Every structure is written in structure tokens, then in C-alpha cells.
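K.L.:
next input, structure requested:
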Amino acid sequence: MLSKANSIEELLESCPKNQTIGDNLVRAWSKINSSKYKNILCSISGGSDSDVMLDIVWRCDKDNKVTYVWFDTGLEYQATKDHLKYLEEKYNIEIHPYKAIKPIPSSCKTYGQPFISKQVSEFIQRLQAHNFKWEDEDFDILMKRYPKCKSALEWWCNVKGSGSSFNISRNKYLKEFMIANPPTFKISNKCCKYAKKDVAHKILREGIILCDYYNVKFDLQIIGIRKAEGGARATAYKSCFDETDTGCDNYRPLFWYRDSDKIDYERAYFVEHSGCYTEYGLKRTGCAGCPFGRDFEYELEVIQKYEPKLFKAVNNIFGESYEYTRRYRDFCKQMKEKERNHNEMCK
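P.N.:
As a prediction, this is how the structure comes out:
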């Protein structure tokens, strides 16, 4: 049976010869056991990064100050749910489930389906809200037609300059595709907002009632973001820790972990992952079948094989986005082929 260390020296006795892991454990011990923090919130997802983070946090939490939560988006793998139960038994903890403010199926029906990325979906949603005609015009002309849609029009017109992530050109041929194939369904990134982000904010703002008479409000939030993972979440932070003026600081134990560090940790501390990885062969978990995933086609094959009821659900929810993404990818292939043929002719 697992047992916690009583001191940092005892904790480091089993630490592998890895500088990143050793430094991380010292830092985690210091943060979690600081007298500054009385109640700590740790968000668990059931993914592989989350598994490593949970093991670190649990080992460092000698006074049991940490409360664990899981956000049920309404679109989760059964393998993830089973894994959460395994984690509760392994560490003798309770992972408190929290329902989405608006479950993903309902959110997509109301606001729109995700497409390519959160940022792309956000700008398309803004354009759709202003009945944009997907016009290939200069920014100044479009601003006169849509005066209350500046940031989305800047994205559409590539105003930010070459290479900016706030330009539609960041996704090659997307503008050309949308002009030729305007979306016929609503696009939005609101599913993430109402299923996870706003739920976390509500917990931090209001606390958690762990029993009828005791409401816990948190002064430190722990989340499993890794810089090496990339994406908008990782690039939004510069370090593993930041203080806030809201009364709740943020700590990211895995922030500096590379893939090799994560593997070293898993081997040293016998961290096991969910069936999504070990049986299904997935490289990521999270909201099942999310169109933001680059490999969503492979994920759909896996879901169809292992969780057929979920396969039917994700196609009902994201079906139009899947089809639109496929058409965009085909369009990109055609454009690249035209460019190759043109270049050959010009030689």
C-alpha cells in the first residue's frame, strides 16, 4: 500500500536521477506544505499528464490539504470514468465530480460546434454573429460593413502581420476555403467554456461544500499544464507558478516536464494510465471525439470499436464539423497539388 513521506528528505530517497524531477518535487513540497495555503484545489482529468500530477501532489500533501475534482463534460470515455475509480482506490482519496454548467451536447446545439481550434472557432463565431458574408475585401471596407466586429475582421484580413497566430493565414488556405465553402452550421468554442472553464471559476469563487456545514474556499489551484505540450494553454504561462489578486494562486507542477521526464517519473513511481492509452491506443484523452484534435479520424475509429454508443453520440454532436473539416483538408490537398503543378510548369 502507498504511504506518504513525512519529510522532503524521505520523499527524495525514491527520486530517480533526474534533475527536473528532483527540483520539481522540492518545489511541489514547498508549495503544497506552505503555511500560506490552507485549502488546495487540484483538477484531475484522467489523462496521462493528470496521472503524473496526481502522484506528485498526493506524495507531497502530508497534511491532506488537497481537494480533488473532476469536470464531467457530458462526453467522457467510460475508460476514463473507470480509471478515476481506480485512482480513488489507489490513493485512498475522493475525486469530486462536477457537472458542466452546460453539457457539451447542449452547448453545441445552442452555440455551435468546435472547428480546427478554440481561437479559430472564436473568430468564426464572432463573424457569424454579425451575418458575415465571407467576403474577400480589404479590412477598411469590411469595417464599414461590420463596424462592431473589429478583432474578428482583423483575423480574417490578416491585419496582424506575417506569422501571427491572430491571422487566418496561420491555417493555410482556410480563408480561400471559407470563401468558396461558407459554413452552413454554427461554429463556436463555447463547449469548452461551459463544460470546464466556467465550472472551475465557479468552484474557486464559491468554494465546495464538502459536508452540510463546511464550505471550503481555496487559496491555491493546481492544474496539469506542461509547457512542452504546446497549445494555447501552455503558451499562456511563463512559469510554473503565479500569484493572483483574487485570493487563489496557481501552481502547475508539470510545467517544466519534457516527455522524457514524464516517462522517467512514470517508471520510478509505477504510474499507470487509463484504458484509453493502454487498451484503446489513444495518445490523448479529454472530450471524446473533439474536432479540435488533429487525429480525430483515428479517434473516431477507436471510439467506434471500443465504445459504439459514444461513437453514435459524438457523430450526432459534431457531425457537421467533422464533415466541414474533411472538406477543408481535401481543399488543402487540391490547392497544394495545383501549386506543385504550377511550380513544375514554371521551371
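
K.L.:
hey, which helix is longest across the chain?
P.N.:
Assignment by DSSP state H gives helix 308-346 as the longest helix of the chain.

K.L.:
which SS class is the residue nearest to Tyr306 when sequence neighbours are not counted?
P.N.:
Closest residue to Tyr306 in three dimensions, ignoring its sequence neighbours and counting by C-beta to C-beta, 6 or more residues apart in numbering: Tyr280, at 5.3 Å. C-beta: built from backbone N, CA, C; applies to glycine. Following DSSP: H, G, I helix; E, B strand; the rest coil, we place Tyr280 in the coil state.

K.L.:
contact partners for Tyr280?
P.N.:
Remark: with contacts taken as C-beta atoms under 8 Å, 6 or more residues apart in numbering, Tyr280 is in contact with 77, 79, 302, 305-306.

K.L.:
one more: Tyr298?
P.N.:
When the contact criterion is C-beta under 8 Å, 6+ apart, Tyr298 has no partners at all.

K.L.:
so it sits in a helix?
P.N.:
Yes - counting by three-state DSSP, Tyr298 is found in a helix.

K.L.:
all strands of the chain, in order?
P.N.:
Assignment of strands within the chain using DSSP state E yields the ranges 40-43, 66-72, 95-99, 208-211, 214-216, 220-222, 241-242, 249-251.

K.L.:
least reliable of these going by mean pLDDT?
P.N.:
With a mean of 62, strand 208-211 has the lowest mean pLDDT of the strands of the chain.

K.L.:
make a PyMOL selection of the buried ones in the contacts of Tyr280.
P.N.:
Here is the PyMOL selection string for the buried members of the contacts of Tyr280, based on 16 or more other C-beta atoms under 10 Å:
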select buried, resi 77+79+302+306
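
K.L.:
wait, which of the contacts of Tyr280 is closest to Leu54?
P.N.:
Out of these, the one with the shortest distance to Leu54 is Ala79. That distance is 16.7 Å, counting by C-beta to C-beta.

K.L.:
pLDDT at the closest one, what is it?
P.N.:
As summarised for this prediction, Ala79 has a pLDDT of 95.

K.L.:
can you pull the contacts of it?
P.N.:
274-276, 279-280, 306-307.

K.L.:
give me the nearest residue to it, chain neighbours excluded.
P.N.:
Using C-beta to C-beta, 6+ apart, the closest residue to Ala79 is Gly275 (3.7 Å).

K.L.:
same thing with Gly207?
P.N.:
By the measure of C-beta to C-beta, 6+ apart, the closest residue to Gly207 outside its immediate chain neighbours is Lys217, 3.8 Å from it.

K.L.:
cool, His96 as well?
P.N.:
Leaving aside its chain neighbours, His96 sits nearest to Val69 (4.8 Å; criterion: C-beta to C-beta, 6+ apart).

K.L.:
quick one: that neighbour and Ile95 touch, right?
P.N.:
Yes - using C-beta atoms under 8 Å, Val69 and Ile95 qualify as a contacting pair, with a distance of 6.9 Å.

K.L.:
any residues in contact with both of the two?
P.N.:
Where contact means C-beta under 8 Å, 6+ apart, the residues bridging Val69 and Ile95 through contact with each are Ile44.

K.L.:
pull the CA atoms of stretch 184-198 into CSV?
P.N.:
This file holds the C-alpha atoms of stretch 184-198, laid out as CSV (Å, rounded to 0.1, in the frame of the first residue of the first chain):
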residue,chain,number,x,y,z
THR,A,184,-23.8,26.3,-43.2
PHE,A,185,-23.8,25.5,-39.4
LYS,A,186,-22.9,27.4,-36.3
ILE,A,187,-19.3,27.3,-35.1
SER,A,188,-18.2,28.1,-31.6
ASN,A,189,-15.7,27.3,-28.8
LYS,A,190,-18.3,27.7,-26.1
CYS,A,191,-18.4,24.0,-25.3
CYS,A,192,-15.0,24.2,-23.5
LYS,A,193,-16.1,27.4,-21.7
TYR,A,194,-19.3,25.9,-20.1
ALA,A,195,-18.0,22.4,-19.6
LYS,A,196,-14.7,23.2,-17.8
LYS,A,197,-13.5,26.7,-17.6
ASP,A,198,-16.6,28.3,-16.0
